[in-house]
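Participant: Any chance you could fold what I've pasted below:
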Amino acid sequence: MTNTINQLVIQINQTKKEIAVMDQNIYEIEMGKLIEIIKVAKQELLFEPVYETASGQDAGYYDEEEYFRNTGGEILNGTLVYFSGEFYEETEDGDSEISTEIFLFEDGSLKVFHTFTESHYCEDCEEVHVNSHRINCENQSLDRFDIGVIINNITANLKMKVSFLEEIKSERMAKLEGLKLAQ
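Facilitator: Okay, here's the model as predicted:
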């Protein structure tokens, strides 16, 4: 019986080591792909200021925002490429949410943030008030995240842009044809 247990434990430990090696290989391959994708895609992605703290009447459309800045004092512009809701609680007083976000910045770097958002309904003004705060996770490695999801989100952003531009192109084509016929 003891021999069987020892063999099972040895097999478990060996399998764990093999899985860890495979996970590292997967991460390295996916990161290589991601770096190549970022080099090409960042030319056409929309980069907007990334807030550190924000407050307002509606999440996503804040009245007041303070932005992350680089060492030269310039506002950092990024695009959200990963979102994961980690915690959500709804109470009488309002809602609380904790999420993990990864932004791609104009320089091609990826940064991980933890975002804390609280909202509550104010009976005095009959509005929902929202406060949000992002914490930059300076030393957070990307190896715990699904790099494939980041790649898919970048691809989806580019596909939406293509669709939007194709729609504008069709409108312009129709207008141009109409103008030519009117001549």
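Participant: Pass me the low-pLDDT residue ranges in the chain, would you?
Facilitator: 58-61 (pLDDT under 70).
Participant: give me the element the residue nearest the centre of it is part of.
Facilitator: In the chain, the centroid-proximal residue (Cα atoms, centre = their mean) is Tyr82; its distance is 2.7 Å. Tyr82 is part of strand 77-90 when elements are defined by DSSP states H and E.
Participant: Report the buried residues of whatever helix or strand comes next after that strand.
Facilitator: Helices and strands here follow DSSP H and E; after strand 77-90, the next one along the chain is strand 95-105. Buried positions in strand 95-105, judged by neighbour count with 16 or more other Cβ atoms under 10 Å: Asp95, Glu97, Ser99, Thr100, Glu101, Ile102, Phe103, Leu104, Phe105. Using the backbone N, CA and C atoms, a C-beta is placed for each residue, glycine as well.
Participant: Was I right to think Gly94 contacts Glu123?
Facilitator: No. Applying Cβ atoms under 8 Å as the test, Gly94 and Glu123 come out as separate, 11.9 Å apart.
Participant: Noted, bye for now.
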